[in-house]
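>>> Structure for the following, please:
(one chain, ligands or ions: 2)
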Amino acid sequence: MAFLSIQGLTVSYGGKADVLRDVSLDVERGEVIGLIGPSGSGKSTILRTLVGLLKPRAGTVTVDGAKVDYGSRGSLRAARDRFAIVFQQYNLFQNMTALRNVAIAPTLVKKRNRAEVEREARDLLARVGLAEKVDAYPDELSGGQQQRVAIARALALKPDILLLDEVTAALDPELVGEVLDTIRALQRDGMTMLIVSHEMAFIREVASRVAFLDQGSVVETGPPAEMFDRPQSPRLKEFTSRIL
Ligand code: ADP
Ligand code: MG
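Numbering: from 1, shown residues only. Ligands and ions are numbered 1, 2, ... in the order given. Just a heads-up that it's a prediction; the model follows:
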């Protein structure tokens, strides 16, 4: 069985019509999956569901052979142990330094030793290229730097799988590159990731496979070169003709 196996995932918001329909996806350890598709096709909904922000109506998610239980509030901890998500809006705590932003969840939520967590947080900030900024407050950092702190904060929870939802979309163009560099480095280190992005050149470069969503369903999956250069389904053909 694949490292991450999503089978028949079906999700609706508050009992309305399903916005994800029978989504299945297998992801091997260390793979980077690019999730692409039109606005409203369900990309964010997949990531939100995996991390436990939405309860699936049907389907199963298995990580490393263990089924993730989305059934009850208490069991969501299991999802949070498996997945961490980074959003377009980084939402750092403004009254905390970069170091505290990264260390806060492991110390408060996981009740881990503060000195040890802060040591790890320093390492993580160095890993995203911010060793010099551990004591900076968010308003002293650029958008790209804040987003890299947000990535370090997600990694501090030691997820098996990192979920990135348009993490460069809110950044000024000149700040996008530094965040993409950080993601490239994570890929090289073997981090398993699901990435939603409109940076198609980047997806093409880092993704081992791409999944194309339309109207809540996975319509086509394949290696990026195949998907972008030789789309099979009419809907992917139409999508790539508009974006590339
Ligand atoms: P994408 O990320 O691909 O743009 P989303 O996953 O955000 O798409 O949205 C998928 C569908 O779910 C859309 O039809 C959207 O309108 C709907 N949707 C998203 N968020 C909510 C919400 N909080 N309540 C109701 N419907 C939502
Ligand atoms: Mg979205």
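>>> tell me the contacts of residue 205?
Counting by C-beta atoms under 8 Å, 6 or more residues apart in numbering, residue 205 touches 184, 224. Yep, even glycine has a C-beta here, placed from its N, CA and C like the rest.
>>> for it, phi and psi?
phi -80, psi -50 (degrees, to the nearest 10).
>>> How much space separates the residue of the chain found nearest ligand 2 from residue 11?
Nearest to ligand 2, among the residues of the chain, is residue 44, at 3.2 Å (C-beta to the ion). Distance of residue 44 to residue 11, computed by C-beta to C-beta, to the nearest Å: 11 Å.
>>> Can you give the distance of stretch 201-211 from its chain's centre?
Offset of stretch 201-211 from its chain centre (C-alpha atoms, centre = their mean, to the nearest Å): 14 Å.
>>> avg pLDDT for that stretch?
The average pLDDT for stretch 201-211 rounds to 96.
>>> and the most centrally placed residue in the chain, what helix or strand is that in?
For the chain, the residue whose C-alpha lies nearest the mean C-alpha position (C-alpha atoms, centre = their mean) is residue 163; its distance is 1.3 Å. Assigned by DSSP states H and E, residue 163 belongs to strand 161-165.
>>> So which residues of the protein form helices?
Along the chain, counting by DSSP state H, helices occupy 43-50, 76-82, 98-108, 114-127, 143-155, 173-188, 200-206, 224-229, 234-243.
>>> Make JSON lines from those helices and add distance to residue 65 to it.
Formatted as JSON lines, these follow (distance: least, C-beta to C-beta, whole Å):
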{"stretch": "helix 43-50", "distance to residue 65": "17"}
{"stretch": "helix 76-82", "distance to residue 65": "12"}
{"stretch": "helix 98-108", "distance to residue 65": "25"}
{"stretch": "helix 114-127", "distance to residue 65": "26"}
{"stretch": "helix 143-155", "distance to residue 65": "23"}
{"stretch": "helix 173-188", "distance to residue 65": "23"}
{"stretch": "helix 200-206", "distance to residue 65": "26"}
{"stretch": "helix 224-229", "distance to residue 65": "28"}
{"stretch": "helix 234-243", "distance to residue 65": "32"}
